[in-house]
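Student: Next come a sequence and a model predicted from it.
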Amino acid sequence: EGLPGADIVCLQEVDPVEDVVGSLRELGYHCVVTGRPCKKRDALVCAYRGESIRLITAQSVCLDIAPIALEITPPSLRGRLQRSNVAQVLMFEVNGSVLVICHIHAHWNPALEDVKMIQVASALEVADRLVDTYSKSQYPHQATRGYFLVGDLNAGPPSPVIDLLTQGEVIVPVCGFNKSQSQEASPTSCGSADRDELSESVVPSKEHGEVRFLLDATLRRLLRWFRLVGVDVEMETEAEHTQRTRSALSGDSGDDFDLFTRCRRERRVLVTTSKGLVKR
């Protein structure tokens, strides 16, 4: 029947891929296909057409091994992430403007809300990096302030995924995973003692939550992930960063500047990648 008026179409669980892509191409579409790992047959397909639409770049994301997901998940629990789900991040130029689409098919199981949340957060992180790279280097005069998140999130309100998207942070207790199982194991039911232990390994307990942090300016991306798991964290301001940079350049080795003062006043632990700052 055709797809009247649709310049960009995003499809999930496309199977058989060759037949669907062939039909779309007959209708004048160009297709970007992202298949799933582990011999899964279905795929994500983003199809686009029109003289005013140009694909700038496209990136496929295997959500099992997305770097940011591995960073925030303890090794003992990474088996939970092995769900063979994928995402696409695509950047288009449309009538001279930049359009970014984050296309995702999240895991289906309602018992694994934490996995879905990490998958969505991982896809959005890749989209953020792509926007930063291309907007600043190749399109400095077309600041991209957002993008479209499309696909099948397998989540609706109320859920951690929706809380993440609408509030920017969420705490999800981890359950349904037997700590004695290997990373290849599948989710199972767990007792209350296991649930408590696993929850504390992923999100801060009340005791840990009382620790407050302040990140230096180089750790801006880490800020989101601290807040994602409910940690009280703040960022070094531009004025504080400028002051300590000038202090370092002048050879001042003291600790009498605003960043340390703020840490003492607000009782925050400073997190930094600067060896010079640690020495101070």
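Tutor: On my side now, so go ahead. Numbers count the residues shown, from 1 in each chain.
Student: List the contacts of the nearest residue to residue 35 once chain neighbours are set aside.
Tutor: Of all residues not flanking residue 35 in the chain, residue 43 sits nearest, at 4.4 Å (C-beta to C-beta, 6 or more residues apart in numbering). Placement of C-beta: from N, CA and C, glycine included. For residue 43, the contact set (C-beta atoms under 8 Å, 6 or more residues apart in numbering) comprises 14-15, 17, 33-36, 86.
Student: in the sheet, who's paired with residue 43?
Tutor: Going by DSSP bridges, residue 43 is paired in beta bridges with residue 14, residue 35.
Student: hang on, the earlier thing: and the contacts of residue 43, which are buried?
Tutor: 14, 17, 33-36, 86 (16 or more other C-beta atoms under 10 Å).
Student: which two from those residues end up farthest apart in space?
Tutor: 17 and 86 (12.7 Å; C-beta to C-beta).
Student: Pull up the overlap in contacts between the two.
Tutor: 35, 43.
Student: quick one, helices of the stretch 151-280 of the chain?
Tutor: Per DSSP state H, counting those that start in this stretch, the stretch 151-280 of the chain carries helices over the ranges 160-167, 192-202, 206-209, 220-228, 238-249, 258-266, 275-279.
Student: weakest of those helices in terms of mean pLDDT?
Tutor: The minimum mean pLDDT among the helices of the stretch 151-280 of the chain belongs to helix 192-202 (a mean of 33).
Student: which stretches of the stretch 51-200 of the chain have low pLDDT?
Tutor: By pLDDT under 70, the low-scoring segments of the stretch 51-200 of the chain are 67-69, 72-74, 76-77, 135-146, 170-200.
Student: repeat that for 50
Tutor: In the predicted model, the stretch 51-200 of the chain carries pLDDT under 50 at residues 173-200.
Student: And the strands in it?
Tutor: Using DSSP state E, counting those that start in this stretch, the strands assigned to the stretch 51-200 of the chain run over residues 53-62, 86-94, 97-105, 148-152.
Student: Could I get the buried residue list for the biggest helix by length in the chain?
Tutor: Using DSSP state H to assign secondary structure, the helix with the most residues in the chain is helix 113-137. Buried residues in helix 113-137, defined by neighbour count with 16+ other C-beta under 10 Å: 113-128, 130-131, 134-135.
Student: again, but for stretch 257-267
Tutor: Applying 16+ other C-beta under 10 Å to stretch 257-267 flags 257-260, 262-263 as buried.
Student: now those residues as CSV including distance to residue 100?
Tutor: Output for the buried residues of stretch 257-267, formatted as CSV (distance: C-beta to C-beta, whole Å):
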residue, distance to residue 100
257, 38
258, 36
259, 34
260, 39
262, 35
263, 36
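Student: Return the distance of residue 149 relative to residue 34.
Tutor: Residue 149 is 16 Å from residue 34, where distance means C-beta to C-beta, to the nearest Å.
Student: ok, now residue 260?
Tutor: Counting by C-beta to C-beta - residue 260 and residue 34 are separated by 47 Å.
Student: Repeat that for residue 133.
Tutor: Distance from residue 133 to residue 34, by C-beta to C-beta: 19 Å.
Student: Quick check: the gap between residue 60 and residue 238.
Tutor: 36 Å.
Student: rewinding a little: could I get the helices of the stretch 151-280 of the chain as CSV with distance to residue 48?
Tutor: As requested, the helices of the stretch 151-280 of the chain are exported to CSV (distance: least, C-beta to C-beta, whole Å):
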stretch, distance to residue 48
helix 160-167, 24
helix 192-202, 38
helix 206-209, 45
helix 220-228, 29
helix 238-249, 39
helix 258-266, 47
helix 275-279, 47
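Student: So for residue 108, which of the ones you listed sits nearest?
Tutor: helix 160-167 (12.5 Å).
Student: How far away from the center of its chain is the closest one?
Tutor: The chain centroid and the centroid of helix 160-167 are separated by 12 Å, computed with C-alpha atoms, centre = their mean, to the nearest Å.
Student: repeat for stretch 21-40
Tutor: Computed by C-alpha atoms, centre = their mean, the chain-centroid distance of stretch 21-40 equals 24 Å.
Student: mind exporting that stretch as PDB, just the C-alpha atoms?
Tutor: Extracted in PDB, the C-alpha atoms of stretch 21-40 (Å, rounded to 0.1, in the frame of the first residue of the first chain):
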ATOM      1  CA  VAL A  21      14.300  -4.000   3.100                       C
ATOM      2  CA  GLY A  22      13.600  -5.000  -0.500                       C
ATOM      3  CA  SER A  23      10.100  -3.700  -0.300                       C
ATOM      4  CA  LEU A  24      11.200  -0.500   1.300                       C
ATOM      5  CA  ARG A  25      13.800   0.100  -1.400                       C
ATOM      6  CA  GLU A  26      11.100  -0.400  -4.100                       C
ATOM      7  CA  LEU A  27       9.200   2.400  -2.500                       C
ATOM      8  CA  GLY A  28      12.300   4.700  -2.800                       C
ATOM      9  CA  TYR A  29      13.700   4.300   0.700                       C
ATOM     10  CA  HIS A  30      17.400   4.000   1.700                       C
ATOM     11  CA  CYS A  31      17.800   1.600   4.600                       C
ATOM     12  CA  VAL A  32      20.100   1.400   7.600                       C
ATOM     13  CA  VAL A  33      19.900  -2.100   9.200                       C
ATOM     14  CA  THR A  34      21.200  -3.200  12.600                       C
ATOM     15  CA  GLY A  35      21.000  -6.900  13.300                       C
ATOM     16  CA  ARG A  36      20.900  -8.500  16.600                       C
ATOM     17  CA  PRO A  37      23.700 -10.700  18.000                       C
ATOM     18  CA  CYS A  38      23.600 -14.300  19.000                       C
ATOM     19  CA  LYS A  39      22.000 -15.500  15.700                       C
ATOM     20  CA  LYS A  40      18.800 -13.600  16.300                       C
END
